[in-house]
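[1] Next one to model:
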Amino acid sequence: MGTPAATLLRTADTVARLGDSPAAFAPLPKQDLVNALHAIADLRQSCDTFSAWIAGELNRRSVPDLGSAGLAQQEGYRTPQAMVEAMTGTTKGGAVSIVEVGKMLAETDAVETLKREHPELPAPPTPWHAPIAHAVTDGRVSIAQADAIRAGLGLPTDSVPPASLSEAARELLEDAVTLTAGQLHRRARQLRDDLNDTEVADREKAQLEQQHLKAWKRPDGMVEGRFLYAPEPGAFLLSVLDELTNPRRGGPRFVKEEDRARIDAIVNDPRSTERLAADGFLELLRIGADADPGRVFGSRRPAVRVIVTKESLESGGGHGSIQDTGEAVSIGAIRREVCTTGTVAVVLDDDGQCVNVGREQRLFTTRQRIGLAVRDGGCMWPGCDRPPLWCEAHHINQWQREHGQTDIADGVLLCKHHHLLLHNHGWDITRTGGHYTLLPPRSISPTREGRHLATKSRAVQDWNARRHRLRPQDPVHSHDPAPPGG
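    Prediction:
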């Protein structure tokens, strides 16, 4: 791979040879244009590494103790972040990420240099974030991805030692190839929750205390408001809004015939989507809790599905998660919900699959879709973050062409966009036991090199991680067996 400096020179030279104007790119074949974009991405990532190094040193020379003698203040900026933001043209958040990652790189390098050059001296322990720093220097992750992992995992505590955070960082770095910075941050938060269940309950309590709803009348007579809800009640609110407007915003095409009229009415309604949501929400307030569920929502009432393994629910250890958002929910909160509403059992076999119910009908049943949602956690396409509510159940072996089974094992959740992309552009999905592989068309990959489809389900991820900790010699896959959950 060479040194970072050599990589910078090589990538800069590659980009410089691409052309001098937009017209130079017009005649390029598709693959050459894609390669040009990859070259730009490589150069940007290499430059970002140098930006972080410089920002780390800028921060060292601008520590608060130096006051007005600090470098940033000497140059007329209140903080190093403000100086980076102004001089690089990045956003405020981007500048914060560059400085924070620069601090990680500087701290890691200082400790490792001391150990290397003065082995006879007692040296401080290697920082927990050293794996992240090495990944940035090697060009394996971007500044945004590195900062997402750092911020999501948080700081060491008595119950979450540095070694545990380092191991979690390594696990996230392995997934960084297929995850965006936002997805890495969410996954890092999930891993942090796995390391200390007490933090989940403490955060849950604090978030509930912050809940509020305020409304006021404006001078023109309109009523305006503001609200804030904790993840679980907030997920219910989002579920209500989704049910009111989902057909307008790209929801699944395949629905029961009895729901078709209601969905067509929503799609063809002359009101805007925002107006439709506002009017529907106001109607809910008017009719109250005793409303006929068919009056507004048809055959499906909005609900929040909390996923938890049977083992955690019975033992009281661990935690569950909200299906559509992945937010952690304490076992105490789940048990209260079970007492109020009960649970839906999803029985899984040795491959982590929900029990099949045959191919008597073309569409997957409601219970099967619950199983797919628990198993897949949303659209299985790499990098897609659409939740189960927005997904369609794809038959791996097509129903008409290949007499495909309407079985859980032969179904995969895909959002409408990726479902259409798969059918219209020559992509395929294959299954080996409980493992699924996405095969690109030959126009993209002549050898059709497959990409493993990883579950987005928090429940399955937690189960796999727990199983790996108990039996670290076993490989962990996205669809390894998971216990019954609801």
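
[2] Setting aside sequence neighbours, what's the nearest residue to Pro4?
    Nearest in space to Pro4, with sequence neighbours left out and distances taken as Cβ to Cβ, 6 or more residues apart in numbering, is Thr49 at 5.6 Å. For every residue, glycine as well, the C-beta is placed using N, CA and C.

[3] correct me, but that neighbour touches Val136?
    Yes. Thr49 is within contact range of Val136, at 5.9 Å (criterion: Cβ atoms under 8 Å).

[4] Which neighbours do the two have in common?
    Ile143 (Cβ atoms under 8 Å, 6 or more residues apart in numbering).

[5] what are the ranges of the strands in this structure?
    Per DSSP state E, the chain carries strands over the ranges 212-217, 223-228, 306-307, 319-322, 328-330, 391-395, 411-415, 428-432, 435-439, 451-452.

[6] Figure out which of those strands is closest to Glu204.
    Closest to Glu204 of those is strand 328-330 (Cβ to Cβ; 5.3 Å).

[7] Quickly run through the sheet partners of that closest one, with directions.
    Strand 328-330 pairs in its sheet with strand 319-322 (antiparallel), by DSSP bridges.

[8] Centre of the chain to the partner strand, how far?
    15 Å (Cα atoms, centre = their mean, to the nearest Å).

[9] now swap in stretch 447-466 and tell me
    Worked out by Cα atoms, centre = their mean, stretch 447-466 lies 13 Å from the chain centre.

[10] likewise stretch 174-193?
    That offset, for stretch 174-193, works out to 6 Å (Cα atoms, centre = their mean).

[11] residues of it that come out buried?
    Burial within stretch 174-193, assessed by neighbour count using 16 or more other Cβ atoms under 10 Å, is assigned to 176, 179, 181, 183-193.

[12] What of stretch 83-90?
    Neighbour-count burial for stretch 83-90 [16+ other Cβ under 10 Å]: 83-85, 88, 90.

[13] In this structure His185 contacts Gly152, no?
    Yes. Using Cβ under 8 Å, His185 makes contact with Gly152 at a distance of 4.4 Å.

[14] How confident is the prediction for Ala39, by pLDDT?
    Ala39 is assigned 91 on the pLDDT scale.

[15] Apart from its neighbours in sequence, what residue is nearest Val11?
    No, residue 11 isn't Val; it's Thr. Among residues not flanking Thr11 along the chain, Leu43 sits closest, at 4.1 Å (Cβ to Cβ, 6+ apart).

[16] Let me see the contact set for that neighbour.
    8, 11-12, 14-15.

[17] among those, who's most crowded?
    Thr11 (21 neighbours; other Cβ atoms under 10 Å).

[18] Can you give me the separation between that residue and Asp42?
    Applying Cβ to Cβ, to the nearest Å, the value for Thr11 to Asp42 is 5 Å.

[19] Under the pLDDT cut-off, which ranges of the stretch 251-400 of the chain? List them.
    Along the stretch 251-400 of the chain, the model assigns pLDDT under 70 to residues 251-259, 287-305, 307, 309-311, 313, 323-326, 335-367, 397-400.

[20] Which stretches in it count as helices?
    Shown for the stretch 251-400 of the chain, the helices assigned by DSSP state H, counting those that start in this stretch span residues 257-268, 273-287, 293-296, 310-315, 331-341, 366-376.

[21] Now stretch 59-73: average pLDDT?
    Stretch 59-73 shows a mean pLDDT of 90 in the predicted model.

[22] From the chain's centroid, how far away is that stretch?
    On Cα atoms, centre = their mean, the centre of stretch 59-73 falls 37 Å from the chain's centre.
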